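Chemist: whatever this is, show me its structure:
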Amino acid sequence: MSYQRAILPPTQRMNELLDALKQEFDTIANEASLYRMHKDEFDHKYNQQVAEMQQIRTMIYELELSHRKMKEHYEEEINRLKRELEARGGHVPPTASAPMLSQASMAGGQAPPPPSLGQSTSNVFGGIMSGQSGPSLAPPQQEGMHGQGPPPPPGLQPGMSQVPPQSMAPQQGQPPQPGYSSGYMNGYHQGPAPTPGGQLTPQSRALEQRSPHLTRASPGPPAGNNLADLDFDRVPNEYKKQASDWFVIYNDRAPRLLDVDLMHTLDHHSVVCCVRFSADGKYVATGCNRSAQIYDVQTGQRICILQDDTIDREGDLYIRSVCFSPDGRYLATGAEDKQIRVWDIKTKTIRHLFKGHEQDIYSLDFARNGRLIASGSGDRTVRVWDMDNGQCVLTLSIEDGVTTVVFSPDGRFVAAGSLDKSVRVWDAQTGFVVERLEAPDGHKDSVYSVAFAPNGKDLVSGSLDKTIKLWELQSARGMSSTAHKGGVCVKTFTGHKDFVLSVALTPDGQWVLSGSKDRGVQFWDPRTAQAQLMLQGHKNSVISVAPSPTGKLFATGSGDFRARIWSYTSLHDEKPLR
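Modeler: Residues are numbered from 1 along each chain as shown. As a prediction, this is how the structure comes out:
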């Protein structure tokens, strides 16, 4: 009987189990409610912080616009006062906005017209090739005539030249134009070329070599990097290579690891502003006056001319940048008319016409997904365009004209160089600045070219200060970085004796290439900052260099109306930059 009393009725047992389940459910419901409350609180704080960041960003942008307007107002007032003083016969002392004339100009008895102080730097942004601002070059002469003027830089209109080429001293915010240097006969150096401020004396060159732009990570240039200063005739035969109209000088202080040969010469009717290979390495595109052209890399034959016949046939319209889509179907071109044209190569028709920039377009780059295109312009903006909907999806504003823009290999970042001497790196999704590469380790003059290393974690930049810099990016390495700070300059490459106009890395990361106003192309070891060789293959500035994505080839574009395709051969195996 006692055993039977211990057994609970089934209904009572079921009720106890249901009560226990209810208590457990109530406990979980209370915890879920608590978690939901914490989540709502977190979401509220997060949204509040995002709103505050957006408000700060808007305030900064408004302050920048206000500062720009104030600056333009003061410049206009200064210009007005200067004109009044000149009208009264008074002496106008040189200022930062009105630099002193070069000695060459003064010796010639001619002075350039006073700078237009009322214009913003974006309106006088013509230093890459344009002759629209400041002293301009002489009209075009027959190529190869020693002592004659150079071919006109893009943007130069007939009859615009009023000042001899010697007076090319840059105005503030106006990079000088890459053009001819004197002392070039039959394709070879005949002594040092003049700098924008006049002829370098042996004493000043020696001082410059002893006091280069230094960085904390690079205590000085490696010995033997002054290849551009060497007299070809005095270089020992084992350190040089000569052909009919080009030559190479090798660094006698470095192991010889490369050999260079010419494959094709692509003659054009004007200055070649840009060169770019297709992703498969089979084709190379060039940009010149009024047209982009596509060549077969193996044969050197021109297979396509892309020209917009709807535009005015009068005057010049230089194509400043070209870029193939990753699948090779399209070619994007950026020009002086502020428009981006995306061409269907097969049909030679324009698929997209992107409008929005307010000044010349100087640089374009396709993201590897083939959908996005980044553009850099003299209007102080970088813009990102969507190929699918034909719209601008991101506008990034900075303080000065944008000379160069590039996507990182993984498409996460957009980098740009500017006339303000800095390199900025943005998050391509949010548009926030994640790095700003500048002084004290940065460039001392306008940045004309930037390129990501194949690893996506490093970046090289070339500048009018005649140097190239290699940066380690913190954001690409997953390290914290704030705006206006970030990457570390680990190497400074010195050896060019004039403006560095274009930089790139070979697809294996073994070599840095650079093209300069000194007419030379140099190969550099990114691990040591040591020059491997100097190639002289053009009779004017090397405006653009581009390696083939498949390796072993590179192309150059120059003010001598030529593009050239070269091969480089590795004599020894080297480990790529990691």
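
Chemist: wait, Asp360 sits on Ser377?
Modeler: Yes: between Asp360 and Ser377 there is a contact under C-beta atoms under 8 Å: 6.5 Å. The C-beta positions use only the backbone N, C-alpha and C, and glycine is treated the same way.

Chemist: what sits in contact with each of those two?
Modeler: Common contacts of Asp360 and Ser377, defined by C-beta atoms under 8 Å, 6 or more residues apart in numbering, comprise Lys338.

Chemist: which residues touch Ala439?
Modeler: Counting by C-beta under 8 Å, 6+ apart, Ala439 has contacts Lys421.

Chemist: helix/strand/coil for it?
Modeler: coil (DSSP: H, G, I helix; E, B strand; the rest coil).

Chemist: could you shift the numbering so residue one becomes 47, and keep it that way?
Modeler: OK, 47 is where the count begins now, so the last one is Ala485.

Chemist: what's the spacing between it and Met116?
Modeler: Ala485 sits 24 Å away from Met116, taking C-beta to C-beta, to the nearest Å as the criterion.

Chemist: same deal with Ser324?
Modeler: Taking C-beta to C-beta, one finds Ser324 at 46 Å from Met116.

Chemist: more neighbours: which of the two?
Modeler: The neighbour comparison of Ser324 against Met116 (other C-beta atoms under 10 Å) goes to Ser324, with 22 against 10.

Chemist: give me the nearest residue to that one, chain neighbours excluded.
Modeler: Among residues not flanking Ser324 along the chain, Phe370 sits closest, at 4.4 Å (C-beta to C-beta, 6 or more residues apart in numbering).

Chemist: right, and the one you found touches Ala331 too?
Modeler: Yes: the criterion here is C-beta under 8 Å, and Phe370 meets it with Ala331 at 6.4 Å.

Chemist: who touches both of the two?
Modeler: The contact sets of Phe370 and Ala331 overlap at Arg322, Phe323, Ser324, Leu377 (C-beta under 8 Å, 6+ apart).

Chemist: closest to Gly447 out of the residues you listed?
Modeler: When the shared contacts of Phe370 and Ala331 are compared for distance to Gly447 (C-beta to C-beta), Arg322 wins out at 21.3 Å.

Chemist: show me the contact partners of the helix or strand containing that closest one.
Modeler: Here Arg322 sits within strand 320-323, counting by DSSP states H and E. Counting by C-beta under 8 Å, 6+ apart, strand 320-323 makes contact with 329-333, 343, 365-370, 589-595, 599, 601-603, 609, all of which sit outside it.

Chemist: cross the residues you listed against strands and list the overlap.
Modeler: Taking DSSP state E, the ones among the contacts of strand 320-323 that sit in strands are 329-333, 365-370, 589-593, 599, 601-603, 609.

Chemist: would you map the helices across this structure?
Modeler: Secondary structure of the chain by DSSP state H: the helices cover 48-52, 56-133, 149-153, 248-256.

Chemist: just the ones you listed: most buried one?
Modeler: Most buried of the helices of the chain by mean neighbour count (mean count of other C-beta atoms under 10 Å) is helix 149-153; its value is a mean of 16.

Chemist: measure stretch 377-391 end to end?
Modeler: Distance between the two ends of stretch 377-391: 7 Å, counting by C-alpha to C-alpha, to the nearest Å.

Chemist: now it: mean pLDDT?
Modeler: Mean pLDDT, computed over stretch 377-391, is 97.

Chemist: give me the spatial nearest neighbour of Asp362, chain neighbours excluded.
Modeler: Asn335 (5.4 Å).

Chemist: what's the pLDDT at the one you found?
Modeler: 96.

Chemist: bridging residues for it?
Modeler: Assessed by DSSP bridges, Asn335 has beta-bridge partners Tyr364.

Chemist: roughly how far apart are it and Gly605?
Modeler: Relative to Gly605, and taking C-beta to C-beta, Asn335 is found at 12 Å.

Chemist: overlap of the contact sets of the two?
Modeler: Common contact partners of Asn335 and Gly605 (C-beta under 8 Å, 6+ apart): Val317.

Chemist: neighbour count for those two, which is higher?
Modeler: Set side by side, Asn335 and Gly605 show more neighbours around Gly605, with 30 against 21, by other C-beta under 10 Å.

Chemist: give me the below-cutoff pLDDT ranges for the stretch 397-546 of the chain.
Modeler: 526-531 (pLDDT under 70).

Chemist: number of residues surrounding the nearest residue to Asn271 once chain neighbours are set aside?
Modeler: Nearest non-adjacent residue to Asn271, counting by C-beta to C-beta, 6+ apart: Gly541, 3.8 Å away. Neighbour count of Gly541, defined by other C-beta under 10 Å: 29.

Chemist: before we move on, what about the one 10 residues further on?
Modeler: Neighbour count of Leu551, defined by other C-beta under 10 Å: 24.

Chemist: could you measure from it over to Asn125?
Modeler: As judged by C-beta to C-beta, Leu551 and Asn125 stand 43 Å apart.

Chemist: ditto for Glu108
Modeler: 26 Å.

Chemist: now do the strands in the stretch 397-546 of the chain.
Modeler: According to DSSP state E, counting those that start in this stretch, the stretch 397-546 of the chain carries its strands in the segments 407-412, 418-423, 427-432, 437-443, 448-453, 459-464, 469-473, 479-483, 493-498, 504-509, 513-518, 534-540, 546-551.
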